[in-house]
Structures are given as structure tokens and as C-alpha cells.
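> when you get a sec, could you give me coordinates for this:
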Amino acid sequence: PATDVSQALQGRIAGVEVQRAGSRPGAGMRIRIRGSRSLGGDSANEPLIVLDGIPYLGNLNSINQGDIQSIDVLKDASATAIYGSRGSNGVIIITTKRGKPGQNKVTFNSYYGISSPLSKNEVFGPDEFAQLLSESPVYDMTPTEQASFDAGRSVDWQDLFIENGYITNHELSMTGGSKRTQFLASANFFDEKGAMPGQSFSRYSLRLSMDHQVNDRIKLGFSTMTTYARREGEGRNPFSELLNLSPLVEAFNADGTIIKRPLVGHIDDIFVINPLLQRDTDNWKDERTRLHTFTSMYGEVEIIDGLKYRINVGLDASFEERGQFTSGIL
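From the prediction side, this is the model:
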């Protein structure tokens, strides 16, 4: 299953290009409709998103995919004809599910999946690395590296650090109502843990919508969605150290503890810290939290048969906080 709305659009519509902005859990998606039109950066090329008739300023990651009824994309002059200059980069119109008259209905949907790297980056093995050092005019093999090479020992830093991640999603919704009044209530929990330890994204969302037919000509309704999202490890990526560290150094002491500075006797000894220390999130924290609420209300009046007037009013508010901590050991 697609993890968010924008990922569900990939490869579905001609002229719409969707690319993930990064490999971290919860990374946003870059959407381009009929290419880029401005040199002013990514924000100048983003399409307008309209959610239930109201321009939506939040992240698409905040929308529970199970709450969506339909998605329409305006790519040509039809976008600017309706939304003016705001639609110059195209418009994505999202319509969420509403309640239906009839017997109350409860729906639960859940899935769980495991994610793992497709392959490892190719790096020098012990023999190739030893040959590289022998031909280098600057670096020599340290006593530790020489001892490991003579004993046939080597370290695969990627194997020691990278682990399997997972993706899980749980949705619970209830819908129903009478001929005049319909309602829908839903709750969602999404959690994604990456292959890099400490990198994760979780989202909790609640949504409530109601429609009421006051009389034969007047109809009122509202919809509110509140999302709390937490992203961890956004600015932490030790992959460079995993690829550059010598495979001939020692990663652990004899008692199994991690060697803080594995490049003993090397010119870069004081600058390189064992990346395995970053597996333990007690040594560091990088957390971003976001509370987002989106509420829309409408009133619809049928003036005469076949002619209706509708007004939409919306509130889009978000609160974001980020904190970082690094212990002295790093």
C-alpha cells in the first residue's frame, strides 16, 4: 500500500511527476504538473492543493489516505480559469469521504510490512583496501589494521549498522445517519521505522464530518481533521562514516563494548567516532513534532431549481517544534 496521498499518484496520471524528496521515513514528495515553470526554487513550482473546496497549506503526509474519496488533477488552462494565478502550477483537488444515510457502519483496516535495503553500497574489501593503502603516498597501514589483515579479520560496517524497518497502518471509521443528517468519524495511526536506527515517522489523526439538510433548500455541513505527527532522526545520517571507515579496524573491545575511536594510530584518529555509537538513541535526539488542524464549513442554498449558491469557510493552522540533543560521547 502507498504510505501517503502523493505516493498514490505516482505513475497514475500523464504529465504528473512525483518524486520522494528523501529516503528518511515521512519524507515529503515533490510533485510537478507538466514540469517546472519557475527558477525560484521548489516552492515556486508546487501545485495548489484544494481539500474539500478550501486551499490546503499543510503537508500531504498529514492526510490519512483512507479518508479520501477522490483525487482530481487540473493540468491546463482549466486550473487558472477557476483558481487564477494560484493554479498556474496545476491544481490537485482532494475530496474526502462523507457520511451516508442508512444503518451505521463500522470499518477497520490494518496492514503491516517489513522494509529492508534492496542492496548494500559496494566498498573495498580487506584485500582491496590494503592495496589502496600500500599505493597511497599519504596514508600507511596502522598496527591495528596490519594485525587484522594478517589475521584475516575485517569489519562490514553496513551489516553492523543497518537493520530492517517496518511500516504499519491502522484505520477505524464509523459512518451513518438519517435522510437529513449524515456523519462520519475516523481515527488513524501510521508508523514507519527506517532501516537507519533512530529514523522514524509516526502520525495520529482524527476526523469528523457532518452534513445536515435543514429544509428542502438549505444544507449545512462541516469537516474537521486534526493530525499529530512526529519525525525522528531527520538530521542524523551516519552513512558517510559507514562507507569511508576502514574495514581493517576493530569495532568492539574484547568485552563487547564499542570502541569509541576505531582509527587508533591513524592521522584522523581524533576526528572519527565509531558510527555504531549512533545506534543508541540515548546518545542523541533529533525530533520534530507537528500539530495540524484543518476545518472547513459550508452552507448551500438552492435559490431556484437547478441554481445553487454555496459558501465555503476554512481554518488551516499548524504548530511545529523541533529539538536536538547530542551527548558528549559523540
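> what segments of the stretch 151-300 of the chain are helices?
Per DSSP state H, counting those that start in this stretch, the stretch 151-300 of the chain carries helices over the ranges 157-161, 239-244.
> buried residues in the shortest one?
Pointing back at helix 157-161 there. Neighbour-count burial for helix 157-161, counted by 16 or more other Cβ atoms under 10 Å, picks out 157, 160-161. In this view, the C-beta of every residue, glycine as well, is placed from N, C-alpha and C.
> now do stretch 47-57
Under the neighbour-count criterion of 16+ other Cβ under 10 Å, stretch 47-57 has 47-54, 56 buried.
> S202: neighbour count?
By other Cβ atoms under 10 Å, 17 other residues sit near S202.
> ok, the nearest residue to it once chain neighbours are set aside to T289 distance?
Spatially, and ignoring its direct neighbours in sequence, S202 is nearest to D191 (4.6 Å; Cβ to Cβ, 6 or more residues apart in numbering). For D191, the distance to T289 (Cβ to Cβ, to the nearest Å) stands at 15 Å.
> please apply the same query to A195.
Distance, A195 to T289, by Cβ to Cβ: 23 Å.
> L208 contacts L184, correct?
Yes - the criterion here is Cβ atoms under 8 Å, and L208 meets it with L184 at 7.2 Å.
> between these two, who's got more neighbours?
Taking neighbours as other Cβ under 10 Å, L208 and L184 compare with L184 leading, 22 against 16.
> what's across from that one in the sheet?
With DSSP bridges as the criterion, L184 is bridged to T175, S209.
> can you name the residues that contact it?
By Cβ atoms under 8 Å, 6 or more residues apart in numbering, L184 lies in contact with 97-99, 173-175, 207-210.
> D191 now?
With contact set as Cβ under 8 Å, 6+ apart, D191 has these partners: 166-169, 200-203.
> residues contacting S116?
Each residue near S116 by Cβ under 8 Å, 6+ apart is listed here: 164-165, 195.
> repeat that with 6 Å
Counting by Cβ atoms under 6 Å, 6 or more residues apart in numbering, S116 touches N164.
> let me know the pLDDT of it.
On the pLDDT scale, S116 is placed at 87.
> what about stretch 211-224, how long is it end to end?
Taking Cα to Cα, to the nearest Å as the measure, stretch 211-224 stretches 12 Å from start to finish.
> contacts for it?
Residues outside stretch 211-224 that contact it (Cβ under 6 Å, 6+ apart) are 52, 180-182, 208-209, 295-302.
> just those: which are in strands?
Counting by DSSP state E, the part of those found in strands is 181-182, 208-209, 295-302.
> looking at those residues, spot the one nearest G235.
Checking the ones in strands among the contacts of stretch 211-224 against G235 with Cβ to Cβ, the nearest one is T295 at 31.9 Å.
> redo the buried residues of stretch 47-57 as CSV? Include pLDDT and distance to D76.
Output for the buried residues of stretch 47-57, formatted as CSV (pLDDT from 0 to 100; distance: Cβ to Cβ, whole Å):
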residue, pLDDT, distance to D76
P47, 88, 13
L48, 89, 14
I49, 90, 18
V50, 90, 16
L51, 90, 21
D52, 88, 23
G53, 86, 21
I54, 88, 23
Y56, 89, 21
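> between those, which is nearest S110?
Within these, the smallest distance to S110 is 24.8 Å, found for L51 (Cβ to Cβ).
> ok, what's across the strand from that closest one?
Beta bridges link L51 to I54, I94, judged by DSSP bridges.
> can you give me the strands for the stretch 201-330 of the chain?
Using DSSP state E, counting those that start in this stretch, the strands of the stretch 201-330 of the chain run over 218-232, 284-304, 307-326.
> make a PyMOL selection of the buried ones in the contacts of D191.
Selection of the buried residues among the contacts of D191 in PyMOL, burial being defined by 16+ other Cβ under 10 Å:
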select buried, resi 166+167+169+200+201+202+203
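> among the contacts of D191, which one sits closest to S36?
Minimum distance to S36 across these is 26.9 Å, recorded for F201 (Cβ to Cβ).
> on that earlier part again, nearest to D127, out of the strands of the stretch 201-330 of the chain?
Ranking the strands of the stretch 201-330 of the chain by their distance to D127 (criterion: Cβ to Cβ) puts strand 284-304 first, at 34.7 Å.
> how far away is the residue of the chain positioned farthest from its centre from L74?
If you look at how far each residue of the chain sits from its centre, by Cα atoms, centre = their mean, the farthest one is I304, at 46.8 Å. Taking Cβ to Cβ as the measure, I304 falls 29 Å from L74.
> could you do L243 as well?
44 Å.
> the two: which is more packed in?
Taking neighbours as other Cβ under 10 Å, L243 and L74 compare with L74 leading, 20 against 14.
> so what sits opposite the more buried one in the bridge?
Under the criterion used (DSSP bridges), L74 bridges to V91.
> save the buried residues of stretch 47-57 as TSV, and put in distance to A251 too.
Listed next are the buried residues of stretch 47-57 as TSV, based on distance: Cβ to Cβ, whole Å:
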residue	distance to A251
P47	47
L48	51
I49	47
V50	53
L51	49
D52	53
G53	57
I54	54
Y56	48
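> R32: which of the residues you listed is nearest?
Nearest to R32, judged by Cβ to Cβ, of these is P47 at 7.9 Å.
> I am finished for the moment; much appreciated.
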